[in-house]
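In: Need a 3D model of the following:
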Amino acid sequence: MTDDLPSWEPRWKRRYNSPPDDLIKDFYVPAFARSRNYDRAVGFFSAGILAAIAPSLDRFVLNGGMMRLITSPAHLSDDELAAMGKGEELKNYLKEGLRRAILQPIPSPVLADRLKLLTWMVASGRLDVRIALREHTHSYALFHEKIGVFSDQPGNWMTFTGSPNETIGGARLHSESFPLHRSWVNEEQRAYAREERDRFEQLWGERVDGVALWRVNDWIEHPMRSNFGIREPSAGRTITETGQPVSSIAPSLEGVSLVPSLPDDLTLHEFQQDAVNDWLRAGGRGTFAMATGTGKTITALTAATQASVSSSNANKPLLVLVIVPLIDLVDQWRQEAERFGFRPAVCHGTLTSRQREHLKSVFSAARSSQGRRAEMVITTAGSLTPRGEDVADDEHFVQRQLARHRGRIMVIGDEMHSLGTPARLNALPPNPTLTLGLSATPKRHGDDEGTHALLSYFGDPVASISIKQAIYQYNALVPYDYLPFRIELTEDEAKRYRQISQRIAAAFAKGDELAAEAQIRARTRLTQHATGKHDRLRQLMASGLKGQTHQIIYVAEGKNPETDFPALKKTEKMLRKEFGMRIECYYGETDRNRREVLQERLASGDIQALLAMKCLDEGVDIPSARIGVITASTQNPRQFVQRRGRLLRRDPNNPKSHAVIYDFIVMPPRPAGEPSDSEKRLIAGELSRAAELAEAARNREALLTIIEWAYEYGLRPVDQPWMSMTEDDEMEEWA
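Out: Purely as a prediction, here's the structure:
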C-alpha cells in the first residue's frame, strides 16, 4: 500500500461529524501522514493540534511537507480593529500580539517538542504564516474563511471547508462538522475540490479584493527560536509525558494530558509545601492567609494539581472553579494554570457564542460520572454574581452551568475578601467538594459578618505567612525602608476640618448616624486632597526622586472638594511640566492590553512612574516597581497591605535589594484640649496603619516617630497596644 491520500480508502468519509467522529484520530493523523502539502485558511489556529497529531507531523515534514497558513489574529475583536484604523498602530499591535503568544508557558513536553519542529519549519521556509484581515475603507475586520487542502506527491488532493477552527477545541472538544471533497473519487468531487483549492490560492496570492495579508515569518522566527528552541524532523520520534511527575496516572489524547502535573521547573518554598500538605490534611478545605508576593497562586495551583491527581485515581472528573476579583487576574491565572497542564476556560463580561460553547463543553466533560480528567474555569466575581432577576439569560450562563453540575468541584477564591458581600456569597456554588481561600488579608474591613461567612465557606486559615516572615525568614520578598511624612493642613483646611468635626459630634449627639457618616466622608475627602500632599510630593521630586525610575505613585480618588479638579490630573500635570518626568496614568478603565504595555514600559525604564488610584491594589504583578509614594492613604488594611506587596515582589529579570515606601499622613490641627472621639478614631486609624508599615520595615525606628505623634494627640497605649510595643513584639496584621 502506497502512502498517498487514496491509500486510506475506504476509510475517508464524505462528511465528518464530531461527535461521534474523532477528528484528530480519524482525519488529521492519516491526512498528515500521507500528504506533501497542507494549506489552511482558518479563523483561529492553535499549535496544540500539532501536539495531538504527534509523530504524523515528523512524517509529513520528512515527506518534504510544506505548510501554508492563513489565519486571523487571536484575541482581537472587530471593535478593536476598527479603533486602530489601518496605520502603524495595527501592525505593531499584531507583531506584539504574536510575540506575547509565543512567550506563553508551554504546558506539555509533547507540545514543546512540536513547537521546536515548527520553529525549524519556519526557519527553513517549510511553514509560511500569514495574517489575514477583511479590509474596509478606514479599518479592518476579522477574517473567518475556513478552507483546508491536503495534497500528496502524486498530485491528489482533498479539501474540507466549514465548521472547525484549527485548535484542540475545534477538533476535539466542540461539536464540529465538515464535508470532505476528494479529487480522485469522481468528477463532481474533483470539481468541488478544485473550486476550494483555487479559492485558497486566490487568497494566498492576494487576488481577493477586500482581504489583506501580512507575511509574519520574519516577526515570529526569532521569538520562536528563543522560547521554543529548534530541532529537525526525525523518523520514528515519539514524545510522551515522561517528564511529568504524575505521567504514570495521567491519561492522554494522543499525548495531550487531561490531568495536570507539577511543572519540571517548579521549585516550591518549604512554607508553600507545608501549606499544601496542611490543606490536604484538613480534608481539602481552608484558607492560605499568606502575605502578598509569597506565591499564593502557585501554591494554590499545586494544591489543585494534587486534588486533580487524587480525583483521577478515583476515576472521577474534577471541576476547578477559580474566582478572581479583576479581569487582569484572569489572564495571570490562565498563564500560570497552563504551566501545570490545565486547559482553562475563561469567563468574564459578555460571552460570545463561541465562548459559551467552549464553556459548555468544559462543564459537560466535568459532569461525567467517571473519568480521569480535570477541567478548570476562571471567572471574575462580577461575572459569577447575577445582577438581578430581570437580566438577559447569558448573564446567568455560568450560574446555570453550575446549577447542573453534580460532580466534584473545587472552588478557589483568590483575594477572597472580595467575595464577602451577600450577593457574592450567595453566588458561590453550594456544598463544594473542596475549597481554598486565598488572601493576604482574609478579614474584611469593618465587616465581621462577611468575614465569618467567608471563613465558614472556605475554611479557617491552614497557612499564615506574615509579611515579616516572608521578608526575613523565607526571603520571598525584598526588605523595605518606610519613610512617613506628616502632612499639615493649611489654615483654611484646618478651619473646615474643625467645622466638619463639630457637625460630626452634633450628629452623634442627636443619634443621627447617617448624618454623622456623611460628614465623616466629607472630612475624609478633605484629608485625602490636602494641599500639603501636593507640596510634599513636589519637594520629594525636587530632592532627587524625579530622576528615579520604577515608581508607583498612588493618588486620591475623585476630585478636590475645593477646586473640583481630579487629583490624578493635577499630579500628572505637575510631574510632566515641572519635572519633565516620563509618566503614565493607570486607570481602572485602562484596557487589558494597554495595562500590559504600561507594565512592560515601567519594567524597561521607558517610563519612570505609574500614577494610580486603586486599580493597582489587588493581585497585579509588577515586580519591577521599587519605589512607592502613597499620597492617598487608606485605613482599609487590605488596600495598604496590597500596596506594600506591589513593591516587595522579587524581580528575577532585574533584581532589587530593597524597596522604599514614602507615606503621606495627614494630621488634623493640634487640639487645644482633648480631641473629640471621632477625631481620635481618625487619628488612631491613620497612625495604626503607619505603625504596621513601620513595624516590618528595615528602619523599624520609624515606629518611634509614629508613637510620638500619637502622644501629641492624646492617644493612650491602653487603647492602642502598638504604642507600647517592644523590639520583640509583632503587630497583629490586618488589625
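
In: in a strand, that's where Leu180 is, yeah?
Out: Yes. Under DSSP: H, G, I helix; E, B strand; the rest coil, Leu180 sits within a strand.

In: per-domain residue ranges of this structure.
Out: For the chain, automatic domain parsing gives the domain ranges 5-228, 252-465, 477-489+531-724.

In: Pick out the shakiest of those domains, pLDDT-wise.
Out: Confidence, taken as mean pLDDT, is least for domain 5-228 of those (a mean of 79).

In: now what about the helix or strand encompassing Ser383, what contacts it?
Out: Assessed by DSSP states H and E, Ser383 sits inside helix 381-384. Contact partners of helix 381-384, identified using Cβ atoms under 8 Å, 6 or more residues apart in numbering, comprise 323-325, 347-349, 398-399, 418-419, 424, 427-428. Backbone N, C-alpha and C define where each C-beta goes, glycine included.

In: And whichever helix or strand comes after it, how far out from the chain middle?
Out: Where DSSP H and E defines the elements, the next helix or strand beyond helix 381-384 is helix 397-404. Relative to its chain's centre, helix 397-404 lies at 23 Å (Cα atoms, centre = their mean, to the nearest Å).

In: Buried residues of helix 397-404, list them for me.
Out: Phe397, Val398, Gln401, Leu402 (16 or more other Cβ atoms under 10 Å).

In: Quick check: the first one vs Val377, distance?
Out: Just to be clear, that refers to Phe397. 11 Å (Cβ to Cβ, to the nearest Å).

In: Could you tell me which residues touch both of those two?
Out: Shared contacts of Phe397 and Val377 (Cβ under 8 Å, 6+ apart): Cys347, Leu359.

In: Quick check: Pro717 vs Arg681, distance?
Out: Pro717 is 17 Å from Arg681, by Cβ to Cβ.

In: same deal with Ile467?
Out: According to Cβ to Cβ, Ile467 and Arg681 sit 25 Å apart.

In: Which one's more surrounded, those two?
Out: With neighbours defined as other Cβ atoms under 10 Å, Ile467 and Arg681 compare such that Ile467 has more, 28 against 13.

In: Max pairwise distance over the contacts of helix 381-384: which two?
Out: The largest separation in the contacts of helix 381-384, counting by Cβ to Cβ, is between Gly349 and Leu428 at 19.9 Å.

In: More neighbours: those two, which one.
Out: Set side by side, Gly349 and Leu428 show more neighbours around Leu428, with 21 against 12, by other Cβ under 10 Å.

In: close enough to count as contact, that one and Phe458?
Out: No. Leu428 is not in contact with Phe458 according to Cβ atoms under 8 Å; the separation is 9.1 Å.

In: Report the buried residues of stretch 315-332.
Out: Going by 16+ other Cβ under 10 Å, stretch 315-332 has these buried residues: 316-332.

In: taking those residues one by one, which sit in helices?
Out: Those of those mapping onto helices are Ile327, Asp328, Leu329, Val330, Asp331, Gln332, per DSSP state H.

In: Contact partners for the fourth one?
Out: By that I understand Val330. Val324, Val346, His348, Ile378, Thr379, Thr380.

In: ok, which stretches of the stretch 451-600 of the chain are strands?
Out: Assigned by DSSP state E, counting those that start in this stretch, the stretch 451-600 of the chain shows strands spanning 461-465, 480-488, 551-554, 583-586.

In: Check these for me and report the most buried one.
Out: Of these, the one with the most neighbours on average (mean count of other Cβ atoms under 10 Å) is strand 551-554, at a mean of 25.

In: which residues are in contact with it?
Out: By Cβ under 8 Å, 6+ apart, strand 551-554 touches 537, 545, 571, 575, 583, 608-613, 616, 622, 625-632, 643, 646-647.

In: Alpha carbons of it, as PDB, please.
Out: The C-alpha coordinates for strand 551-554 follow below in PDB (Å, rounded to 0.1, in the frame of the first residue of the first chain):
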ATOM      1  CA  GLN A 551       7.900  54.200  40.800                       C
ATOM      2  CA  ILE A 552       4.300  53.700  41.600                       C
ATOM      3  CA  ILE A 553       2.500  56.800  42.900                       C
ATOM      4  CA  TYR A 554      -0.900  56.400  44.500                       C
END
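
In: distance between it and the chain's centre?
Out: With Cα atoms, centre = their mean, you get 21 Å for strand 551-554.

In: before we move on, back to that, now render the contacts of helix 381-384 as TSV, adding distance to Phe150.
Out: Below are the contacts of helix 381-384 laid out as TSV (distance: Cβ to Cβ, whole Å):
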residue	distance to Phe150
Ile323	44
Val324	42
Pro325	47
Cys347	35
His348	38
Gly349	38
Val398	39
Gln399	43
Ser418	50
Leu419	50
Arg424	51
Ala427	48
Leu428	49
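
In: Among those residues, pick out the one closest to Thr441, please.
Out: Nearest member of the contacts of helix 381-384 to Thr441, counting by Cβ to Cβ, is Ser418, at 10.5 Å.

In: Is the closest one located within a strand, as I assumed?
Out: No. If the criterion is three-state DSSP, then Ser418 is helix and not within a strand.

In: any idea how far it lies from Ala516?
Out: Counting by Cβ to Cβ, the separation of Ser418 from Ala516 is 27 Å.

In: In contact with Trp204, which residues?
Out: For Trp204, the contact set (Cβ under 8 Å, 6+ apart) comprises Asp39, Arg68, Ile70, Arg130, Leu213.

In: host element of the nearest residue to the first one once chain neighbours are set aside?
Out: Think Asp39. Residue nearest to Asp39 in three dimensions, not counting chain neighbours: Val149, with 4.2 Å by Cβ to Cβ, 6 or more residues apart in numbering. Per DSSP H and E: Val149 is located in strand 147-151.

In: so what does the helix or strand following that strand touch, helix or strand wise?
Out: Using DSSP H and E, the next helix or strand after strand 147-151 towards the C-terminus is strand 157-161. On a contact count with 3 or more Cβ pairs under 8 Å, 6 or more residues apart in numbering; DSSP states H and E, strand 157-161 meets strand 147-151, strand 176-182, helix 187-204.

In: how far off strand 147-151 does the last one point, in degrees?
Out: The reference is to helix 187-204. With axes from the mean of the first three to the mean of the last three Cα atoms, to 10 degrees defining the directions, helix 187-204 sits at 110 degrees from strand 147-151.
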